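Enquirer: task: produce atomic coordinates for the following.
(chains A and B)
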Number of protein chains: 2
Amino acid sequence: MNETLHLMQSHRSDRSYSSEPVSDVLLDEIIRAAQCGPSSMNGQQTSLVVVRDAARRARIAELAGNQPWVAQAPVFVVIVMDFYKSSLGVARAGQQQIIHESVEGYTAGAIDAGITLGNLMTAARSCGLGVVPIGGVRRNPQALIDLLELPPCTFPLAGLCVGYVAQAAPQKPRLAMASYRHDEHYRRDGLPEMIGDYDAVMVKYWQEIGRADGVSWSANLANFFTKVYFPEVKTVAAKQGFLNDK
Amino acid sequence: MNETLHLMQSHRSDRSYSSEPVSDVLLDEIIRAAQCGPSSMNGQQTSLVVVRDAARRARIAELAGNQPWVAQAPVFVVIVMDFYKSSLGVARAGQQQIIHESVEGYTAGAIDAGITLGNLMTAARSCGLGVVPIGGVRRNPQALIDLLELPPCTFPLAGLCVGYVAQAAPQKPRLAMASYRHDEHYRRDGLPEMIGDYDAVMVKYWQEIGRADGVSWSANLANFFTKVYFPEVKTVAAKQGFLNDK
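Expert: Numbers count the residues shown, from 1 in each chain, chains lettered A, B, ... in the order given. Next up, the predicted model:
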């Protein structure tokens, strides 16, 4: 197996960082690796905001629902869906952009933000850095938009802590490969059993790493997926110009 | 620079494939690399459908808007947003999932599909394979859902051609790094000039690779971003259970 595959198969989310700074030269290489990824229609509808300032990181940690690693890691990168730049391009061609108002536009923008996030993680980890993606940037999106001075037609979709790891995290198990890889068409058979098996795996995993509050996968999802845990995404996305094609 | 960074910085979309088959052992390693990526709330709301059957690939090529590389590459992977598996988990815990109905749920699912797509591309390219991501799976989503027998609470968000490259593609230039990397807060200054410069770069690029129909970035976006090019995403996503939290 090659080094890149090995690196990707060993992915884990690190939440313990040393104070060792990340050089700007290294960060530029990582960001360049992300920027070289593809985008829908070559719209390049993603931008990054790199936050190093400790006070700003502390504020983002709070907005994300009190996540201390956001304040601890020396670099926090906000992945912004950005149809503002493309709107300038369309205006330059004498027309008006509407794609961002549609479900299709929002979908393409969110997928592209995900490609960017995935690429940032792989690139950073290849340089010996640890990462943890932060969906909590969607908890208080308006406050983050104000803090980062984001223009219309943009939305902060995800964040990423980047830094040298103080205490390495364990790797979390996944559902069975057969529930993930389907051949030729989707197979529902066997999914309940695979979920039952995984529930047991996760209970054992939490015990092994000393997390007494750890529950099965199903019980954990029942805590989160039965409510809209970040309800402001809908209203703030609309205010930024998205999903308005009624 | 390490090998992984070099690989990612050399990303290009390949649309010319040889008939050399991709071994299933290799494909499993690539898929395993993608599965090890993180997901929002560890919901693992992504599944892959691997299509090797030539007739199915030909049909998908047609559904995607006649993209011949989908039929030509020996492997086509559909990246499916999958809140069906998580709904089974929530039901197992005696409750009912609602997160997929919300903008937040859809957003998290689309970002996670993007992480998966990014990881698949990097993993495949690390094995000497070429790739091209296909947003065109969103052109006729209902027909694809039927073909792949996708259950409720799922949606085919993207596709990926995977195969050995017959004729290598050139690397497409990107907007200036200063338009992509913003420090501490978003900078609007300079964006119009950077877009003007990039327009010229793209016109030159198309000329250099012999594409007489190539236009500037702005003119290209004016062709696509002024209409909803895949309008069925909205209606079919709603039918699958998404974005229904009115």
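Enquirer: CA only for contacts and neighbour counts going forward, please
Expert: Fine.
Enquirer: what kind of secondary structure is the closest residue in space to residue A:182 that isn't next to it in sequence in?
Expert: Distances taken as CA to CA, 6 or more residues apart in numbering or on different chains place residue B:49 nearest to residue A:182, at 4.6 Å, with adjacent residues excluded. Here residue B:49 takes the strand state, with states given by DSSP: H, G, I helix; E, B strand; the rest coil.
Enquirer: what's the burial count for residue B:49?
Expert: By the criterion of other CA atoms under 10 Å in any protein chain shown, residue B:49 has 22 neighbours.
Enquirer: what of the one 4 residues further on?
Expert: Residue B:53 has 14 neighbouring residues, counting by other CA under 10 Å.
Enquirer: now swap in residue A:87 and tell me
Expert: Neighbours around residue A:87, by other CA under 10 Å: 26.
Enquirer: from the chain's centroid, how far away is the lengthiest strand in chain A?
Expert: Secondary structure of chain A per DSSP state E: the longest strand is strand A:154-163. For strand A:154-163, the separation from the chain centroid amounts to 6 Å (computed by CA atoms, centre = their mean, to the nearest Å).
Enquirer: distance between the helix or strand following that strand and the chain's centre?
Expert: On the C-terminal side of strand A:154-163, the closest following helix or strand by DSSP states H and E is helix A:177-180. Offset of helix A:177-180 from its chain centre (CA atoms, centre = their mean): 22 Å.
Enquirer: same question, stretch A:170-177
Expert: 18 Å.
Enquirer: anything in it near chain B?
Expert: Yes: Stretch A:170-177 is in contact with chain B by CA under 8 Å from any CA of the partner chain, via A:174, A:175, A:177.
Enquirer: what mean pLDDT does the host helix or strand of residue A:104 get?
Expert: Assigned by DSSP H and E, residue A:104 falls within helix A:103-126. Averaged across helix A:103-126, pLDDT comes to 98.
Enquirer: the helix or strand following it versus strand A:154-163: what angle between them?
Expert: Downstream of helix A:103-126, the next assigned helix or strand under DSSP H and E is strand A:130-134. Computed by axes from the mean of the first three to the mean of the last three CA atoms, to 10 degrees, the angle separating strand A:130-134 from strand A:154-163 equals 150 degrees.
Enquirer: list the neighbouring strands of strand A:130-134 plus their orientation.
Expert: strand A:154-163 (antiparallel) (DSSP bridges).
Enquirer: which residues outside the strand it pairs with are in contact with it?
Expert: For strand A:154-163, the surrounding residues in contact (CA atoms under 8 Å, 6 or more residues apart in numbering or on different chains) are A:17-18, A:20-22, A:69-70, A:73-84, A:110, A:113, A:117, A:121, A:124, A:129-138, A:141, A:144-145, A:237, A:240, B:107.
Enquirer: buried among those? Make that a PyMOL selection.
Expert: Filtering the contacts of strand A:154-163 down to the buried ones (16 or more other CA atoms under 10 Å in any protein chain shown) takes a single PyMOL command:
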select buried, (chain A and resi 17+22+69+70+73+74+75+76+77+78+79+80+81+82+83+84+110+113+117+121+124+129+130+131+132+133+134+135+136+137+138+141+144+145+237+240) or (chain B and resi 107)
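Enquirer: okay, strands next: where are they in chain A?
Expert: Under DSSP E, chain A gives strands at A:46-51, A:75-82, A:130-134, A:154-163, A:181-183.
Enquirer: rebuild these as JSON lines, extending it with distance to residue A:208.
Expert: Shown next, in JSON lines, are the strands of chain A (distance: least, CA to CA, whole Å):
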{"stretch": "strand A:46-51", "distance to residue A:208": "35"}
{"stretch": "strand A:75-82", "distance to residue A:208": "30"}
{"stretch": "strand A:130-134", "distance to residue A:208": "21"}
{"stretch": "strand A:154-163", "distance to residue A:208": "25"}
{"stretch": "strand A:181-183", "distance to residue A:208": "28"}
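Enquirer: as CSV, these with distance to residue B:149 and mean pLDDT would be great.
Expert: Shown next, in CSV, are those (distance: least, CA to CA, whole Å; pLDDT from 0 to 100):
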stretch, distance to residue B:149, mean pLDDT
strand A:46-51, 32, 98
strand A:75-82, 31, 98
strand A:130-134, 32, 98
strand A:154-163, 30, 98
strand A:181-183, 11, 98
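Enquirer: of all those, which lies closest to residue A:206?
Expert: With CA to CA as the measure, strand A:130-134 is the member of these nearest residue A:206 (18.5 Å).
Enquirer: before we move on, the earlier item: select from the residues of stretch A:170-177 next to chain B the one having the most neighbours.
Expert: Result: residue A:175 is most packed of the residues of stretch A:170-177 next to chain B (other CA under 10 Å), 21 neighbours.
Enquirer: so that residue makes contact with residue A:196?
Expert: No: the pair residue A:175 / residue A:196 is not scored as a contact, 9.9 Å apart, by CA atoms under 8 Å.
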